[in-house]
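# The sequence and its predicted three-dimensional model are supplied below.
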Amino acid sequence: MNDNVFPLGNEDLLEAYRTMKTIREFEERLHVDFGRGEIPGFVHLYAGEEAAATGIMMHLNDQDRIASTHRGHGHCIAKGVDINAMMAEIYGKVTGACRGKGGSMHIADLSKGMMGANGILGAGSPLACGAALAAKTLGHGGIGMSFTGDGASNQGTFLESLNLAAIWNLPMVFVVENNGYAESTSVDYATAVDSYADRAAGFGVPGVIVDGTDFFAVYEAAGEIIRRAREGGGPSLMECKMVRFFGHFEGDAQTYRGAGENEHNRANRDCLKLFRARVTEADVIDGGDLDAIDSEVLAAIEQAVEQAVAAPLPGAADLTTDVYVRY
Amino acid sequence: MNDNVFPLGNEDLLEAYRTMKTIREFEERLHVDFGRGEIPGFVHLYAGEEAAATGIMMHLNDQDRIASTHRGHGHCIAKGVDINAMMAEIYGKVTGACRGKGGSMHIADLSKGMMGANGILGAGSPLACGAALAAKTLGHGGIGMSFTGDGASNQGTFLESLNLAAIWNLPMVFVVENNGYAESTSVDYATAVDSYADRAAGFGVPGVIVDGTDFFAVYEAAGEIIRRAREGGGPSLMECKMVRFFGHFEGDAQTYRGAGENEHNRANRDCLKLFRARVTEADVIDGGDLDAIDSEVLAAIEQAVEQAVAAPLPGAADLTTDVYVRY
Amino acid sequence: MARNLSMKDAINEALDQEMARDPTVIVMGEDIVGGSGSPGEDDAWGGVLGVTKGLYAKHGDRLIDTPLSESAYIGAAIGASTCGLRPVAELMFLDFMGVCFDQIFNQAAKFRYMFGGKAETPVTIRAMVGAGFRAAAQHSQMLTPIVTHIPGLKVVCPSNAYDAKGLLIQSIRDNDPVIFCEHKNLYAHESDVPEESYTVPFGEANIVREGADATIVAYGLMVHRASEAAEALAKEGIQCEIVDLRTLSPIDIDSVVESVENTGRLICVDEANPRCSIAADVTATLSQEAFGSLKAAPQLVTAPHTPVPFSPALEDLYIPSAEHIVDAVRKTMAP
Amino acid sequence: MARNLSMKDAINEALDQEMARDPTVIVMGEDIVGGSGSPGEDDAWGGVLGVTKGLYAKHGDRLIDTPLSESAYIGAAIGASTCGLRPVAELMFLDFMGVCFDQIFNQAAKFRYMFGGKAETPVTIRAMVGAGFRAAAQHSQMLTPIVTHIPGLKVVCPSNAYDAKGLLIQSIRDNDPVIFCEHKNLYAHESDVPEESYTVPFGEANIVREGADATIVAYGLMVHRASEAAEALAKEGIQCEIVDLRTLSPIDIDSVVESVENTGRLICVDEANPRCSIAADVTATLSQEAFGSLKAAPQLVTAPHTPVPFSPALEDLYIPSAEHIVDAVRKTMAP
Ligand SMILES: Cc1ncc(C[n+]2csc(CCOP(=O)(O)OP(=O)(O)O)c2C)c(N)n1
Ligand SMILES: Cc1ncc(C[n+]2csc(CCOP(=O)(O)OP(=O)(O)O)c2C)c(N)n1
Ligand SMILES: [Mg+2]
Ligand SMILES: [Mg+2]
């Protein structure tokens, strides 16, 4: 093995790989189980985008709060939400992270700083600004972070939030996950500019663009803007150019894609493959260690599914609880 | 008299002056009458900002549609709405432009392309995009135009509209009337950037900044972007830096202003004085002709007030009409 | 000629026929064409559930994909409607109205009144409503009471394909703003639908079943639950009359009054949450207008005062069921 | 010690005392300090009608002026409330909720349920409501029915200074999201208000007048119209009981039922538009729950199904008056 030339130690590299792999296998498994009719509702898979959630979230702690999107599984896993609770939630079980009331689009775990996936596009940005405001007011050093897709970044809520974070100098990071599509609509149709980073500049928020399939690029760029936010340097925007491997939601025939697009992405823009190549070719991590993680992850996912399947459904008494703290 | 060195003929210059003066005297009179308790409700005066409405609207015809703001009297007058109908409306009379149902904040005259003043900040921008879309679809060569203040330009509706107009390449003009304040809040507090024109660029909408107290600067800049919009060149934003002479609304003690600020503005940034000086000093227009307009305008306003005061109030039968075309 | 058509296809046909008939009709929304700017097929989606599929091929640029900016494009549709177009804007899920509600309730709804009768706003806003799709709290609501509350709006919610086609054509031709609510769990529901164009007028309820013992008022999916309940009760000899409101604003209260004058019993069924609901609205109006005819306390059958839960196990309990309705009818029959 | 205080001052005092008591209480809104970034006085406005005047001097940076971006700052208040703060966000006029409604009804209202009971959202949204200010269609609405419809929200609307103070303190301490509605035409209304801090609990109506002949249910400004009406009717020997709901969600239906059990007559007064209104809600619930006690058809007294007109001549006709209420009571007394 060579000396570690990366900005993370070996253990962190393995941890990063484990997180990315967990997200990937979680999603691949959901894809299969959804296809079998075992999962109800709208399910949006994060596969292909793992490097972004992982590279960013490695800089965060439980005080830091993120507001996620409809495509939230990756953010949850990277932020430390228990995959058993997630899986049970997606299966609609009472043992789920939200006791079966939220489902895929609403997984939250405030104890981990995960403020919730969100079915309303762009809604998370103001909420995360609130987290940033709370962090600033309470002085605990945490930050707020919101995720929006290339589509959601055209929502007024997101755009207003850029301005709010700028003028209040909030410890806030806006992550734009640009996977090229909002449902079937191309980012080239929905915007007249090349970059969301430039757009942010018009609000006084500095922006940076990174290759979201490159874990290391994400990790380094995120580290800098998160540090700046933490130190009182104000908000930033980070646009991650990335690809999603599956359809918009499960069931999408993806006829809006170019021929061979998915195959090309899987072959050339797979963040996991790229990561593995980088760390093994540099001879820092042994491929066998990664293989071992692969098996562990698969086993963990299998267990999560088994537990979810076996878990009880919520019952009639659960229907009307949890509306208010007290009414 | 010298040769006319201006981009408008003498008649147009006199017309421009008449429009600006009509707005000014309309507002000065409302200020007095409001103070006397004769006018109900919220009244936002446009005095000080006349050069913007006038310099822009001289390029428009009745096919062109504008969506105005809460501070709409100037836009109305410059767009050709009858001042008698406006005054009666503000007095809440059945002879008013909206039969007394709208009041100052909702004056509209679709036959003149005036889509309405608006009590909701930023709401006009999407509506004007709709007018631009209609013009484009029907191919009649008209344009859509929205006005927003420096405050309202932080609303999501306005920001989303920039993007919409850009990607649909609409014949649309966004006018930002930057008078330095949103109610009592300074533009320096509410934004972290110097210019709304830069912000527009982040959406692919070219922007230009003009001195909104300089009729000629407004007239020329507006002419160019309106021509471009009409010819299919897409939307633009024009930011007019300007001053309002009165409080935010009538009754505002203006304690947020710096000492002597109003006096300074009246002395040095009065668009009417500046216009008069320009055209008389160039020896193109005779001061006496302007004086004559002054008297005519005052007489017209006096008449409008007299008619408004004498006009009948709406009655019980009017309360429930005009909700639907047919119900 | 009538064929069996799903509500989804009936809506598609209504749009198609109106676009063919009137060049000022345009249709816009997120992914209603689908694939705009993308390298793949034209018309790749035709709407998130395929309702507008195929229209782009026939009507081209009058179908417009929008960016993810409901305030901007719903507002643009409203603005355009005051300028000579008849836009049909799709708000995908009515649950999304929170990001563009101002354009709907302070702009479209109020123009005519605020401008003293001098504006017409012939815009139709199509949106999916209702639960049962396992789409959870933000994609499953029945927000009809909120839009019905607003003066200036018209609110439509068909229960079947025939009504959907006729009511949508009426909505498009109507000169007032219409919120057209499509229950996502009725898209597949089929009924006989004439090929030719026709309208179903607003403010005329449909008596979908006659009966002398109790009046059940419902709309949308609940009409079918009411029918199941009536079927079950008929076996016991209790004959229910079912009034399908079809439009919630205007509302055909006369038909309800007439029915209650015969039956003396009223059960209002609403998939919405209970507070200030359509069920409450109808019950209150009837209690005031037909008090003398009521032989028993009117009954409300609604969703509980909770958001829509995700888990199918809970969602099935959330949506008013035929059993709930049967119970409510029984209550009105108790001595 | 109690002093005579206006509702405006009572609200100011409630904010002041809660900010002094609890460092996690922050107050934000447009111009609630006023003059931010401006060359003039600090605290130049203290809110558009001066309700928060003077608080900045006492509590400094915990009062935060916002840009004109309701979605962003109302959303931020909501987000912050899940992170250890107790924000009070001012939405100036409730009519503006259209630009930020999603944050209120899909976010704040639903977190707790969607997250399986694992979130608390102790945010208070203060906003002006109601007509009579000659502020026209977009600044005068009584949108209480819309927020009351939404599960997960609490809705408060005080009719006097005493209740305003106690209910606002309760709202701030409450762990659920509260929409606190301040009738702009009651700001100047005075009543006895204790200096010390106190709470008025939610879900407890106030019987502001006792009477055996008819029950008038009202809230906000309408409580005063109801009192005028009751005064007039008392002269004819008709004794009305007036139930001031104080909070619309939760709602104290038990008190209304109890009252109607005594009087047998119900008149619901609501400044809101009629469809799916609070008046309809209460009438429907009572018709179901207390049908046997009703001696006459319940009566609804509401604004008409129109936007709020500008002209004072029309606005005065729009707002339910004491005469309307008297007429409605008379209808319930007719043989
Ligand atoms: C306010 C709102 N509008 C529309 C939708 C429907 N919708 C869900 S996902 C989606 C596309 C999102 O695209 P993007 O933001 O790029 O995220 P991605 O799905 O690519 O991760 C749309 C239009 C929604 N959920 N919320
Ligand atoms: C959506 C909305 N938020 C807030 C208000 C209250 N309000 C009315 S005017 C105003 C300030 C407007 O400032 P600006 O846009 O700069 O226009 P100006 O008054 O300076 O012309 C505010 C906050 C409103 N009418 N609508
Ligand atoms: Mg995307
Ligand atoms: Mg301004």
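Happy to help now that I have it. Ligands and ions are numbered 1, 2, ... in the order given.
# got the residues of the stretch 201-327 of chain A near ligand 1?
A:H248 (Cβ under 6 Å from any ligand atom). In short, each C-beta sits where N, CA and C put it, glycine included.
# how about stretch C:63-82 against chain B, any contact?
Yes: against chain B, stretch C:63-82 shows contacts by Cβ under 8 Å from any Cβ of the partner chain at C:64, C:66-67, C:69, C:71-82.
# sorry, that was for stretch A:163-182
Yes: counting by Cβ under 8 Å from any Cβ, chain B has neighbours in stretch A:163-182: A:163, A:166-167.
# And those, which is closest to ligand 1?
Nearest to ligand 1, judged by Cβ to the nearest ligand atom, of the residues of stretch A:163-182 next to chain B is A:N163 at 19.2 Å.
# neighbours around that closest one, how many?
28 (other Cβ atoms under 10 Å in any protein chain shown).
# follow-up on the earlier one: determine which two of the residues of stretch C:63-82 next to chain B are furthest apart.
C:P67 and C:T82 (22.0 Å; Cβ to Cβ).
# Could you pull up the contacting residues of C:R246?
Residues counted as contacts of C:R246 (Cβ atoms under 8 Å, 6 or more residues apart in numbering or on different chains) are C:156-159, C:163, C:167, C:200, C:204-206, C:219, C:252.
# Just the buried ones from those?
C:156-159, C:163, C:167, C:200, C:205-206, C:219, C:252 (16 or more other Cβ atoms under 10 Å in any protein chain shown).
# Nearest residue to A:G55 in space, please, no chain neighbours.
A:V218 (3.1 Å; Cβ to Cβ, 6 or more residues apart in numbering or on different chains).
# Then C:M28 would be within a strand, right?
Yes: membership of C:M28 in a strand is supported by DSSP: H, G, I helix; E, B strand; the rest coil.
# Report pLDDT for the residue nearest to A:G55.
pLDDT recorded at A:V218 is 98.
# Kindly report the same for the one 3 residues further on.
Looking at A:A221, its pLDDT is 98.
# and what of A:F34?
97.
# so what's it up against?
Applying Cβ under 8 Å, 6+ apart, the residues near A:F34 are A:43, A:250-251.
# Close to chain B: what parts of the stretch 201-335 of chain C are there?
C:203, C:250.
# Which part of the stretch 151-300 of chain A gets nearest to chain B, residue-wise?
Of the residues in the stretch 151-300 of chain A, the one nearest chain B is A:G156, at a distance of 1.8 Å by Cβ to the nearest Cβ.
# Output the below-cut-off pLDDT ranges for the stretch 151-300 of chain A.
Filtered on pLDDT under 70, the stretch 151-300 of chain A yields no residues whatsoever.
# Tell me where it has helices.
Listed in chain order, the helices of the stretch 151-300 of chain A (DSSP state H, counting those that start in this stretch) span A:156-167, A:187-190, A:196-201, A:215-230, A:261-268, A:271-281, A:287-310.
# From the contact counts, what lies against the last one?
Same thing as helix A:287-310. helix A:10-35, helix A:83-90, helix A:271-281 (3 or more Cβ pairs under 8 Å, 6 or more residues apart in numbering or on different chains; DSSP states H and E).
# With the first one instead?
In terms of contacts (3+ Cβ pairs under 8 Å, 6+ apart), helix A:156-167 is packed against helix A:124-138, strand A:144-149, strand A:172-178, helix B:156-167, helix B:187-190, helix D:70-81.
# Can you confirm whether that helix lies near ligand 1?
No: contact of helix A:156-167 with ligand 1 (Cβ under 6 Å from any ligand atom) is absent, the minimum separation being 8.4 Å.
# quick one: average pLDDT of the longest helix seen in chain C?
Longest among the helix segments of chain C by residue count, using DSSP state H, is helix C:7-21. Helix C:7-21 shows a mean pLDDT of 98.
# what's next to that helix, contact-wise?
Contacts for helix C:7-21 (Cβ under 8 Å, 6+ apart): C:5, C:25, C:27, C:49-55, C:58-59, C:62, C:86, C:88, C:126, C:158, C:160-162, C:164-166, C:168-169, C:172-173, C:182, C:186-191, C:193, C:197.
# what's the offset of that helix from the middle of its chain?
16 Å (Cα atoms, centre = their mean, to the nearest Å).
# got the buried residues for it?
Buried residues in helix C:7-21 (16+ other Cβ under 10 Å): C:7-19.
# C:E241 belongs to a strand, doesn't it?
Yes: counting by three-state DSSP, C:E241 falls inside a strand.
# any idea which helix or strand carries A:I120?
According to DSSP states H and E, A:I120 maps onto no helix or strand at all.
# Quick check, it in contact with D:I104.
No: under the criterion of Cβ atoms under 8 Å, A:I120 makes no contact with D:I104, lying 11.8 Å away.
# Just want the most central residue of chain A.
A:H75 (2.8 Å; Cα atoms, centre = their mean).
# and the closest residue in space to that one that isn't next to it in sequence, what is it in contact with?
Spatial nearest neighbour of A:H75, chain neighbours left out: A:S68 (4.2 Å); criterion: Cβ to Cβ, 6+ apart. For A:S68, the contact set (Cβ under 8 Å, 6+ apart) comprises A:75-76, A:114-118, A:124, A:147.
# Can you flag which of these belong to strands?
Counted as lying in strands by DSSP state E, out of the contacts of A:S68, are A:F147.
# Relative to C:E271, which of the contacts of A:S68 is nearest.
After measuring the contacts of A:S68 against C:E271 - Cβ to Cβ - the closest member comes out as A:N118, at 23.7 Å.
# what's the neighbour count on that closest one?
27.
# separation between it and chain D?
8 Å (Cβ to the nearest Cβ, to the nearest Å).
# thought that residue was touching A:G72?
Yes: assessed by Cβ under 8 Å, A:N118 is found in contact with A:G72 at 7.5 Å.
# Now list whatever residues contact both of those two.
A:M105.
# Looks like A:L313 contacts A:T95 (just checking).
No: with contact defined as Cβ under 8 Å, A:L313 does not reach A:T95; the gap is 9.7 Å.
# Which one of the two is surrounded by more residues?
A:T95 (19 against 15).
# could you list every residue that touches the more buried one?
Contacts of A:T95 (Cβ under 8 Å, 6+ apart): A:84-85, A:88, A:307-308, A:311-312.
# what's near enough to touch A:P7?
Here A:P7 is in contact with A:216, A:219-220, A:223 (criterion: Cβ under 8 Å, 6+ apart).
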